[in-house]
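Peer 1: show me the folded form of this:
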Amino acid sequence: MTLHAGSWASVPPRTALELLAPARDADTGIAAIDHGADAVYIGGPAFGARAAAGNTLDDIARLADYAHRFDARVFVALNTLFKEDEVEAARRLAFEIQKTQADVLIVQDMGLLAGDLPDMELHASTQCDIRTPEKAAFLEAVGFSQLVLARELSLDQIRAVREKLAHARIEFFVHGALCVSYSGQCWMSEALTGRSANRGECSQLCRLPYDVETPDGQVLARRQHVLSLKDNDQSANLEALIDAGVSSFKIEGRLKDMAYVKNVTAFYREKIDEIIRRRPELSRTSDGISTYSFAPSPDKVFNRGKTDYFIHGREFDAPYELAELESPKHAGKPVGRVERIEEKRLVVKALPGVSLANGDGLTYLADDEEIRGISVNRAEHLKEKDLWALYLLQSPKKLEGLERGLELKRNRDHVFMKTMEGKTAERRIPIDLIFSSHEDSLDLMATDGTHCASASVALDLTAPSDPQKNIASLKANLAKLGDTPFSPKEIFVPDNLDVFVPASFANQLRRSAVEELLAMREASRIHTERAPWDDAVPYPEKFLTYKANIANSAARRFYLAHGSREMQPAFEIKPVEKADLMTCRHCVRAALKLCPKMLKAFPEILQTTERALLRPEPLILINSAGERFEAQFHCKENPCEMTITSIDDLTRKRRLKKEAVPPKASSRDEKSAPARKPKPRASGFRGTAGTPKRAREGAERSQTKRRR
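Peer 2: Residues are numbered from 1 along each chain as shown. A predicted model of the protein is given here:
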């Protein structure tokens, strides 16, 4: 055993709760801080698990500077797999990130741990696939101070992990998009499009429709989104998660817009604060009180419905409603029904209390089971109760599948979104200001309850002509905290003050005391440190398949040092034929009401389904390009799981398609050859090669229109 010195001093106690929000960019991160986040996570210039959400080091520094005013922290995602020629570049970037004053590195690739790293906290990414107490304990032992557990875990499983950890904190996703596969264990995108989810370029093929058949060709579903899950929503389970051992509550969404981040962060801030108020043993990890100019409601921004997933385990006596079979789009909340379809307008009967507005976006489910959209150009409230006339850009009679009586939902609330465009929150740290006078000077003390700053100014003292007006004016001037992070909690001025205080002197005292308080807070801020680590503690597994994601020799050295001996390279380095491209807790059989374990609670299934179809035999999934996958159901496992394996040799197909591309024209031919537009490429990654046309188009749509 070789134990390296480190420190747990910078790690908050487990009873200090952290609301962790996503930041697509620095401005979104600042908005998240204003709306109550205790920490934000953001991508750097490269190697983040959202390749489309990179940021400059200067922007990260700007975000860190703002966050630290409230003792909030900034986590930088360095959490992709690194190819051989990228490891040292990633290591250099880690040291550059430290210079920005960011607090944490989020890491997936263990190759980083096989060499020098900056002295700052390491957090284990969700891509590390942390499902067992043994793996969690190992990651703590090699220097990770916070672990993002798999979203599929139940409260009991989280509790078991917590009992194995001595110091490390548990981080858990509580809101946002759900990957159908265990994070870090999905190679569908890499296999079909050459875009690796482990390298930040997932093409989200799980959001596309599939046909489902039995092996002998019996059709069970056509163009159903059987792998597209509803969004995660643990807002009703926060206290249970706290009791199970979760300290950090993570909101998914580094590709989401600012309105989403503002709204969802404020929503969870209110939920967590309500728990803290009831339980004095709990606290939060940052300072400041956020106030909002709107009522937070996650239903008003992008969502695919909601589920609390497997937090209570697999409940076979409850309806299985995890997948959004109809569409992965944001359908919105119900607002009314179609009353009349006229040539120039659509008349809608709104639900009680619902108002419609110019610019609203509405949706309806057409008779072909597709969700279609309506853009409202003008909304007019009619005299009849709850009736609205909606004027559209085209005749309502031309809208496909629109019928009288259809339910309408609103997926864009124009009034709400307009509100979210401006300043919607303010965050302040309450301080007390204590004024006093002496023989030839005026003094002011400013305290946040922990730090105490003071300022003094010499003055020839004179009596005020109006003592009460003098006191009122003094308090008003001391309260002008402007663009500082502070707000006045109490301002103490002696009732019998008999000294006239000019406004200029009051302002000078205030500025000096506040500047000193800010300096004291910064000087006492705890800079994060890497936790102690053991570079020889045994890894729980000896034989490591491609599922261990070993993409470089540094990662291989890491696992060798920790006792593993037989290792396969990552799928991205050497594709594996007939590999499990996904491993899921979600079950296609259950989504189609074909799970044999559900029969006891729902015997009526047999009224419409042959008993033979309820056997846990494999099913075939077919995408729009005709590529076939086998879903295998491991019902005897605890917990039960589903794996998705390719039936076709996708690796061979991709190679043949790539070889079929005509050779590049010589310089002699370039003038006559048509110009070829280069495919977009993210820095450090390969572009899409050999992607079937329809699958590629669907993947691109999912990247732009269905961003998670």
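Peer 1: which secondary structure element contains Leu442?
Peer 2: When secondary structure is defined by DSSP states H and E, Leu442 falls within strand 441-447.
Peer 1: can you tell me what sits against that strand?
Peer 2: Outside of strand 441-447, the residues within contact range by C-beta atoms under 8 Å, 6 or more residues apart in numbering are 431-437, 452-459, 478, 486, 499, 501, 505, 509-510, 512-514, 516-517. Heads up, the C-betas are built off the backbone N, CA and C, glycines and all.
Peer 1: longest strand in this protein, please.
Peer 2: Longest strand of the chain, by residue count under DSSP state E: strand 425-437.
Peer 1: break this structure into its domains for me.
Peer 2: For the chain, automatic domain parsing gives the domain ranges 13-178+230-292, 180-227+573-708, 326-421, 431-524.
Peer 1: find the nearest non-adjacent residue to the most centrally placed residue in the chain, please.
Peer 2: For the chain, Glu252 is the residue whose C-alpha lies nearest the centre (C-alpha atoms, centre = their mean; 1.3 Å). Residue nearest to Glu252 in three dimensions, not counting chain neighbours: Gly176, with 2.6 Å by C-beta to C-beta, 6 or more residues apart in numbering.
Peer 1: measure that neighbour to Phe435 for me?
Peer 2: Taking C-beta to C-beta, to the nearest Å as the measure, Gly176 falls 48 Å from Phe435.
Peer 1: how about Gly194?
Peer 2: Counting by C-beta to C-beta, the separation of Gly194 from Phe435 is 68 Å.
Peer 1: over to Asp273?
Peer 2: 31 Å.
Peer 1: settle it for me: which of those two has more neighbours?
Peer 2: A side-by-side neighbour count of Asp273 and Phe435, using other C-beta atoms under 10 Å, places Phe435 first with 22 against 16.
Peer 1: that one contacts Glu490, correct?
Peer 2: No - applying C-beta atoms under 8 Å, one finds Phe435 not in contact with Glu490, separated by 11.2 Å.
Peer 1: picking that back up, now for the domains of the chain, which one comes closest to Asp299?
Peer 2: When the domains of the chain are ranked by distance to Asp299, counting by C-beta to C-beta, first place goes to domain 326-421 at 5.1 Å.
Peer 1: what pLDDT, on average, does the closest one get?
Peer 2: The predicted model gives domain 326-421 an average pLDDT of 92.
Peer 1: burial measure for Val74, as a count.
Peer 2: A count of nearby residues for Val74, using other C-beta under 10 Å, gives 26.
Peer 1: is it in a bridge, and if so with what?
Peer 2: Counting by DSSP bridges, Val74 forms beta bridges with Val40.
Peer 1: ok, it to Thr645 distance?
Peer 2: When C-beta to C-beta is applied, the distance between Val74 and Thr645 equals 40 Å.
Peer 1: pull out the buried positions in the strand holding Leu442.
Peer 2: By neighbour count with 16 or more other C-beta atoms under 10 Å, strand 441-447 contains the buried residues 442, 444-447.
Peer 1: what's the lowest-pLDDT member of those?
Peer 2: Comparing pLDDT over the buried residues of strand 441-447, Leu442 scores lowest. The value there is 94.
Peer 1: what about the following helix or strand past the strand holding Leu442, distance to the chain center?
Peer 2: Once strand 441-447 ends, the next helix or strand along the chain (criterion: DSSP H and E) is strand 452-458. A distance of 44 Å separates the centroid of the chain from that of strand 452-458, by C-alpha atoms, centre = their mean, to the nearest Å.
Peer 1: all further residue positions should be reported with the first residue as 31.
Peer 2: Fine by me, first position is 31 from now on; the one you just mentioned is strand 482-488.
Peer 1: next, the buried residues of strand 482-488.
Peer 2: In terms of neighbour count (16+ other C-beta under 10 Å), strand 482-488 has its buried residues at 483-485.
Peer 1: can you check stretch 329-339 too?
Peer 2: Residues of stretch 329-339 classed as buried: 330-339 (neighbour count, 16+ other C-beta under 10 Å).
Peer 1: which of these lies closest to Lys165?
Peer 2: Within the buried residues of stretch 329-339, distances to Lys165 taken as C-beta to C-beta reach their minimum at Tyr339, with 20.0 Å.
Peer 1: is Lys336 in contact with Leu259, as I believe?
Peer 2: No - between Lys336 and Leu259 there is no contact under C-beta under 8 Å: 10.4 Å.
Peer 1: on that earlier part again, for the buried residues of strand 482-488, which one is nearest Leu312?
Peer 2: Taking C-beta to C-beta as the measure, Leu312 lies nearest Ala483 of the buried residues of strand 482-488, at 28.5 Å.
Peer 1: so what would you say the end-to-end distance of stretch 234-252 is?
Peer 2: One end of stretch 234-252 sits 19 Å from the other (C-alpha to C-alpha, to the nearest Å).
Peer 1: buried set for it?
Peer 2: Using 16+ other C-beta under 10 Å as the test for burial, stretch 234-252 gives 234-243, 250-251.
Peer 1: ok, now stretch 131-148?
Peer 2: Counting neighbours by 16+ other C-beta under 10 Å, one finds that the buried residues in stretch 131-148 are 131-144, 147-148.
Peer 1: please apply the same query to stretch 83-95.
Peer 2: Within stretch 83-95, the residues that count as buried by 16+ other C-beta under 10 Å are 83-85, 87, 89-94.
Peer 1: what of stretch 359-378?
Peer 2: If you call a residue buried by 16+ other C-beta under 10 Å, then stretch 359-378 has these buried ones: 359-362, 365-366, 368-369, 371, 375-378.
Peer 1: what's the closest of the buried residues of stretch 329-339 to Leu395?
Peer 2: Looking across the buried residues of stretch 329-339 and measuring by C-beta to C-beta, the closest to Leu395 is Gly335, at 13.1 Å.
Peer 1: sorry, back to before: and the residue nearest to Glu282, how far is that from Tyr569?
Peer 2: The gap separating Gly206 from Tyr569 is 31 Å, by C-beta to C-beta.
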